[in-house]
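Trainee: got a predicted structure here, sequence first:
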Amino acid sequence: MKYNVAMTEDEALRESGRRLAQIRLSRNLTQAELAQRAGVSKRTLERLEMGAGGVRIDAFFAVCGALGLTVGFETLLPEVQLSPQDILAKRTLPKRAHRRSGAAKEWGNA
């Protein structure tokens, strides 16, 4: 199954879990071995491979790291390149200093 915009969150989680399991099996790793390499519990890995919700994202990253998949995150979350116009628009200009109220009264009375 391919990821697409029509997928529900549950479908995407199940597909991700299925793919993690396939990659693990293609590398002849047991769940216990991969869990140990990733520093997560076997139960956490089981939940990831089942596509269960509620698994912490750090566990997902740890498993992906143990499988050598983190290079692919660059395409998932590319770095945003700002245009010169965007940089200028985000730049904060210095605020003008306000006159003290006492000074303004003295000047107005002179």
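Mentor: Great, that's in hand. Residues are numbered from 1 along each chain as shown.

Trainee: gap between Ile57 and Glu46?
Mentor: 17 Å (C-beta to C-beta, to the nearest Å). Every residue, glycine included, has its C-beta placed from N, CA and C.

Trainee: which of these two has more residues huddled nearby?
Mentor: Glu46 (15 against 7; other C-beta atoms under 10 Å).

Trainee: so that one sits against Gln31, correct?
Mentor: Yes - counting by C-beta atoms under 8 Å, Gln31 is a contact partner of Glu46 at 6.2 Å.

Trainee: now the helix or strand hosting Glu33: mean pLDDT?
Mentor: Under the criterion of DSSP states H and E, Glu33 resides in helix 31-38. Across helix 31-38, pLDDT averages out at 98.

Trainee: for it, buried residues please.
Mentor: Within helix 31-38, the residues scored as buried using 16 or more other C-beta atoms under 10 Å are Gln31, Leu34, Ala35, Ala38.

Trainee: dump those to CSV, plus distance to Arg24.
Mentor: Listed next are the buried residues of helix 31-38 as CSV, based on distance: C-beta to C-beta, whole Å:
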residue, distance to Arg24
Gln31, 7
Leu34, 5
Ala35, 10
Ala38, 10
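
Trainee: quick one: which of those is nearest to Lys2?
Mentor: Distance ranking of the buried residues of helix 31-38 against Lys2, using C-beta to C-beta, places Leu34 first at 24.5 Å.

Trainee: residues contacting the residue lying closest to that closest one once chain neighbours are set aside?
Mentor: Excluding the flanking residues, the one nearest Leu34 by C-beta to C-beta, 6 or more residues apart in numbering is Arg24, at 5.2 Å. By C-beta atoms under 8 Å, 6 or more residues apart in numbering, the residues touching Arg24 are Gln31, Leu34, Glu49, Leu67.
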